[in-house]
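>>> with the sequence up front, the predicted model follows.
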Amino acid sequence: MFALRAVTAAVLALGLIGAAAPPAQAHDRPLRGKLQMTGDIGDFVPGVIDDPVHDPTVFADRGTYYVFSTGVLNPADPGGVFARRSRGTLAGPWESLGAIPLPAWTRAYGVNHLWAPHVVRRGGWFYLYYAASSFGSNNSAIGAARTRTPGVLSSWQDLGPILTSDPSRNYNAIDPMVFSDGRQWWITFGSFWDGIKMQRLSDPVTPYGPVLDVARHPQNPPNPIENPQIFQHGRYWYLLASWDFCCQGVNSTYRTVAGRATRPTGPFLDRAGKPLAEGGGTVVLQSRGNQIGTGAPDVILDHGRWYMVHHYYDANANGVIRMQIREIEWDRAGWPFFRPDGAP
């Protein structure tokens, strides 16, 4: 989920390597606070529309923003990674593009859809990492695909599984996030079981070396932590993760926690100084108003400001899953926070 001195290094950590900055005319002033989202930001009407936006990842290419997310849930015809784009701003208007085709190999993992994608740019290629699993199982795999044209869904070339887990392992190979610290590439991943893990990458699809412990939930079992995201801001590396339970509509308890470290591999400490690997974590976002279960974070640096995308269950729409993008702000001690909704 990843000491460098340049803004370029921060962009590396976010997986936006080499991505062209959106044009200056996209908006005259930086977007602030909770963005007023427009367009296709998630909807569900039985038999009419299924526009999923669970576990979003955000990135940009040549003036266009993209959000990829978990696919349509359908046991009979599992959904591949779902894509949408905005040619305007991070607020939209967002346009749903449909799904990247499901790779045939993933069916061996009992998938009802592909989960929790993450996209990075490496050289002239965009790499997509995604999870293949079934709910409650750690018989799981992280797969990869690549393209030079992310908005052309048929252009994604699947590269197969790159990291797997099974009941003999103490971790779950889902929720991948890939980043560079400027010298070394890393993959961080994990959900429940023994928490968030990290491993080196020798190339975009080859993990190697020891599997490192990164973060746990204070309640173990069941250790409900997932969705790691690691990035650099200033002198610190920050880890964001989701605590507690998703996927229960308006009864979901997801919340976003943070820790930070002086090295990309940690140890990550919370605001009180407790290691995240020992159950520490500072809550930075939880349910607000109609937005229930705010979690599954991803981050982007845009126009000199940091933003986080997350999903939520809309209490005003019977728990429909939608996406929200918020500006990340920083207090004097260097901790991220989100201003109250509606604040100027």
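Structure's in. What do you need?

>>> bridging residues for the closest residue to Asp341 other than its chain neighbours?
Nearest residue to Asp341 in three dimensions, chain neighbours excluded: Lys34, at 5.0 Å (Cβ to Cβ, 6 or more residues apart in numbering). Heads up, the C-betas are built off the backbone N, CA and C, glycines and all. Applying DSSP bridges to Lys34 yields these beta-bridge partners: Arg326.

>>> neighbours of Lys34, how many?
Close neighbours of Lys34, defined as other Cβ atoms under 10 Å, add up to 20.

>>> doesn't Tyr312 make contact with it?
No. Lys34 is beyond contact range of Tyr312, at 11.1 Å (criterion: Cβ atoms under 8 Å).

>>> ok, and the closest non-adjacent residue to Leu163?
Leu163's closest residue in space is Ile142 (Cβ to Cβ, 6+ apart), at 4.4 Å.

>>> dump the residue contacts of Gln324.
34-35, 37, 41, 291, 294, 309-312 (Cβ atoms under 8 Å, 6 or more residues apart in numbering).

>>> just the endpoints, please. Distance across stretch 217-226?
9 Å (Cα to Cα, to the nearest Å).

>>> wait, I meant stretch 200-212
9 Å.

>>> mind listing what's buried in it?
Residues 200-201, 204-205, 207, 211 are the ones in stretch 200-212 that count as buried (16 or more other Cβ atoms under 10 Å).

>>> was I right to think Gly143 contacts Trp156?
No. Look at Gly143 against Trp156 with Cβ under 8 Å: they stay out of range, at 11.0 Å.

>>> when those two are compared, which one has more neighbours?
Between Gly143 and Trp156, counted using other Cβ under 10 Å, the more crowded position is Gly143 (26 against 21).

>>> quickly find the element holding the more buried one.
If you go by DSSP states H and E, Gly143 is part of strand 140-147.

>>> report all helices and strands that that strand contacts.
strand 125-132, strand 157-165 (3 or more Cβ pairs under 8 Å, 6 or more residues apart in numbering; DSSP states H and E).

>>> and the residue of the chain positioned farthest from its centre, what are its phi and psi?
Among residues of the chain, the one most distant from the C-alpha centroid is Gly47; the distance is 28.4 Å, by Cα atoms, centre = their mean. Backbone torsions of Gly47, given as degrees, to the nearest 10, read phi 80, psi 0.

>>> can you tell me how far it is from Gly98?
Computed as Cβ to Cβ, to the nearest Å, the Gly47 to Gly98 distance reads 18 Å.

>>> repeat that for Val283.
35 Å.

>>> where are the low-confidence patches of this structure?
1-28, 344 (pLDDT under 70).

>>> how about a cut-off of 90?
For the chain, the stretches flagged by pLDDT under 90 are 1-30, 220-221, 341-344.

>>> hey, what's the residue most central in space within the chain bridged with?
Taking Cα atoms, centre = their mean, the centroid of the chain lies closest to Asp298, which sits 3.9 Å from it. Beta bridges link Asp298 to Val309 when assigned by DSSP bridges.

>>> wait, isn't Gly190 in contact with Pro224?
No. Under the criterion of Cβ under 8 Å, Gly190 is not in contact with Pro224, lying 11.5 Å apart.

>>> more crowded one of the two?
Gly190 (31 against 18).

>>> any buried residues in stretch 330-340, and which?
Buried-residue list, stretch 330-340, by 16+ other Cβ under 10 Å: 335-336, 338.

>>> thank you kindly, that will do.
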